[in-house]
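> Kindly return the folded structure for what I paste below:
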Amino acid sequence: MSTLTELARRRGLLGLMVRQDMKTEYGKYQFGILWTLAEPLLVSVLMFVVFHFIFQTTRGIEVQPFIVYLATGMIPFAWLSKSIGSGPKTFRRYGTMLTFSNLPMVTWPLRTVIQGLAEVLTSIPIIILLTVAFGAWFSWGVILVPIGLVAQVFLCLGLAMIFASLGAIFPDTEKLTVMLTRIFFWGSPILWQTKDFGALQDYLYINPFQGILDMYRAAIWPDEVLTDPVNYLVSGISITVIFAAGLLMMKTRTRQIQELG
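Okay, here's the model as predicted:
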């Protein structure tokens with residue numbers, strides 16, 4: 001808890017660092033942060049064309065419009081993928097700052113996670129426009145979206161800390177993150193519905209991203225995507241374990257990480 005308290009106390013400095021990161025990354029582009037949405041939205045459109053028009057596999061899917069279903073999966077996945085993929089490079093990226101800074105070590109992976117959150121929040125108007133344009137609307141489930149965002153912050157931060165810690169010691173960690181990203185993509189309901197798995201669906205929630213996507217999509221399709229509350233407890237426990245493991249690894253490897261500077 002001391003680490004979280006310290007981060008809360010220095011939230012102003014953390015916000016400044018995140019804004020600087022975003023300015024460095026997007027300042028050279030005219031459309032800035034909007035480019036981060038281009039890839040997940042383009043992939044969503046391409047998948048919609050392939051599955052809807054070529055394979056014609058979306059006809060029996062309960063959640064329509066399918067293009068919005070895809071977008072609400074791809075955009076959060078882009079955030080998750082970025083958090084995982086940047087982990088191994090985190091401490092090598094900041095170099096000597098690690099040696100002289102008195103900020104908690106979790107600050108460095110947290111910068112990337114918060115940047116990803118900002119990118120997702122930027123996408124909300126686009127999701128609203130897509131939803132309205134395709135004849136859908138929002139339900140009471142919209143109140144679950146903030147819960148999903150908070151849950152994903154902890155999931156992304158936990159994974160970013162784990163892979164940042166491993167990446168500081170084992171260069172091969174980068175290859176592992178690529179594999180894990182693919183597992184999350186195909187093992188999460190980005191393209192399919194949880195209910196399609198019948199009796200097996202309860203076990204799917206060991207994957208914490210499963211429950212998070214349900215929270216987002218409940219804003220439009222609560223009756224179609226929400227399942228037994230126990231499933232979300234399982235996802236919550238998974239997130240807690242991942243986050244705690246990340247904090248523990250950061251704490252035990254602080255000295256090794258600082259030596260990278």
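> Export the helix or strand where residue 69 lies to PDB, keeping only CA atoms.
Secondary structure assignment for residue 69, by DSSP states H and E: helix 66-86. The C-alpha coordinates for helix 66-86 follow below in PDB (Å, rounded to 0.1, in the frame of the first residue of the first chain):
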ATOM      1  CA  PHE A  66     -21.100  -6.600 -35.300                       C
ATOM      2  CA  ILE A  67     -18.800  -3.800 -36.300                       C
ATOM      3  CA  VAL A  68     -19.400  -2.100 -33.000                       C
ATOM      4  CA  TYR A  69     -18.900  -5.400 -31.200                       C
ATOM      5  CA  LEU A  70     -15.500  -5.800 -32.900                       C
ATOM      6  CA  ALA A  71     -14.400  -2.200 -32.200                       C
ATOM      7  CA  THR A  72     -15.300  -2.500 -28.500                       C
ATOM      8  CA  GLY A  73     -13.000  -5.500 -28.400                       C
ATOM      9  CA  MET A  74     -10.100  -4.300 -30.600                       C
ATOM     10  CA  ILE A  75      -9.600  -0.900 -28.900                       C
ATOM     11  CA  PRO A  76      -9.300  -2.300 -25.300                       C
ATOM     12  CA  PHE A  77      -7.100  -5.100 -26.700                       C
ATOM     13  CA  ALA A  78      -4.800  -2.500 -28.300                       C
ATOM     14  CA  TRP A  79      -4.300  -1.000 -24.800                       C
ATOM     15  CA  LEU A  80      -3.600  -4.400 -23.300                       C
ATOM     16  CA  SER A  81      -1.200  -5.300 -26.100                       C
ATOM     17  CA  LYS A  82       0.700  -2.100 -25.700                       C
ATOM     18  CA  SER A  83       1.100  -2.600 -21.900                       C
ATOM     19  CA  ILE A  84       2.400  -6.100 -22.400                       C
ATOM     20  CA  GLY A  85       4.600  -5.400 -25.300                       C
ATOM     21  CA  SER A  86       6.300  -2.300 -23.800                       C
END
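> where do the helices sit along the stretch 1-150 of the chain?
Remark: helices assigned in the stretch 1-150 of the chain by DSSP state H, counting those that start in this stretch are 2-9, 11-26, 35-48, 66-86, 90-94, 97-100, 107-133, 145-167.
> Tell me which residues are up against stretch 200-214.
Under the criterion Cβ atoms under 8 Å, 6 or more residues apart in numbering, residues 72-73, 76-77, 80, 148, 151-152, 155, 184, 187-190, 194-195, 197, 225-228, 230-232, 234-236, 238-239, 242 lie in contact with stretch 200-214. In short, each C-beta sits where N, CA and C put it, glycine included.
> Could you tell me which of these belong to helices?
Residues of the contacts of stretch 200-214 located in helices (DSSP state H): 72-73, 76-77, 80, 148, 151-152, 155, 184, 187, 225, 230-232, 234-236, 238-239, 242.
> Just the buried ones from those?
Buried members of these, counted by 16 or more other Cβ atoms under 10 Å: 72-73, 76-77, 80, 148, 151-152, 155, 184, 225, 231-232, 234-236, 238-239, 242.
> Where does the prediction get shaky in the chain?
For the chain, applying pLDDT under 70 flags the ranges 1-39, 50-62, 91-103, 253-261.
> tell me the contacts of the residue sitting nearest the centre point of it?
Centroid-nearest residue in the chain: residue 80, 2.8 Å away (criterion: Cα atoms, centre = their mean). Going by Cβ under 8 Å, 6+ apart, residue 80 touches 152, 155-156, 159, 181, 184, 209.
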